[in-house]
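[1] Next come a sequence and a model predicted from it.
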Amino acid sequence: MVMVDEIPYPSTITTTKPLSLLGQGITDMEIHFLQVKFYSIGVYLEPEVVGHLQQWKGKSAKELEQNDDFFDALISAPVEKFIRIVVIKEIKGAQYGVQIETAVRDRLAADDKYEEEEEEALEKVVEFFQSKYFKKHSVITFHFPATSSTAEIVVSLEGKEDSKYVVENGNVVETIKKWYLGGTSGVSPSTITSLANNLSIELSK
């Protein structure tokens, strides 16, 4: 187990194959001089991801951290990716949905990819989160298979059946990946630093 802000994360998980915890961090914000933590994040990847990042072999963690091309290559590498988010500060599902909606819409609009299909797909994601309430330690996972451009979102709430939703719009899926794994524009700088450190070590082997 790896502790991420007092929350245990297994160092490997198995989806269709074993994935390794290669990045972890939190999202937080300073409010009235207090650090408020919202979620912890664990990023699991197929160890084979390193084979797709060979051109960055020998680069320092600091160099990788600031190189968005490196994170673009990580996002587009044809390997399975799994992001596990554990809630630290309780939040309504509707608020989390709006955070995703805003982040994804703004990025897609900037890339000129925000069409009717994307808008509809995003609305359905927001709807999925709408009625949920995330207490501390609620878990949200995003599973990105290696071979398809879908994302399966699973929400685990205490005492309730897990609920699942599959996002099938490729642009929305890609942008959710970018929100969590997108280098200097990622939502959690500590997770990006951790990914850069761990991948730099893996690449030097």
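    It's in.
[2] which element is the closest residue to G186 other than its chain neighbours on?
    Nearest residue to G186 in three dimensions, chain neighbours excluded: I192, at 4.7 Å (C-beta to C-beta, 6 or more residues apart in numbering). In this view, the C-beta of every residue, glycine as well, is placed from N, C-alpha and C. Counting by DSSP states H and E, the element that carries I192 is helix 189-203.
[3] which of the residues in that helix are buried?
    190-200, 202-203 (16 or more other C-beta atoms under 10 Å).
[4] Just the buried positions in stretch 149-160, please.
    A151, I153, V155, L157.
[5] Likewise for stretch 109-128?
    Those would be Y114, E118, A121, L122, V125, V126, F128, for stretch 109-128 by 16+ other C-beta under 10 Å.
[6] Just give me the closest of the residues you listed to E63.
    Set against E63, the nearest of those by C-beta to C-beta is Y114 (32.4 Å).
[7] Look at that closest one and report its pLDDT.
    Y114 carries a pLDDT value of 97.
[8] Tell me the secondary structure at it.
    coil (DSSP: H, G, I helix; E, B strand; the rest coil).
[9] tell me, how many neighbours does the nearest residue to it once chain neighbours are set aside end up with?
    Spatially, and ignoring its direct neighbours in sequence, Y114 is nearest to L108 (4.0 Å; C-beta to C-beta, 6+ apart). By the criterion of other C-beta atoms under 10 Å, L108 has 21 neighbours.
[10] Quick check: L108 is in a helix.
    Yes - under three-state DSSP, L108 falls within a helix.
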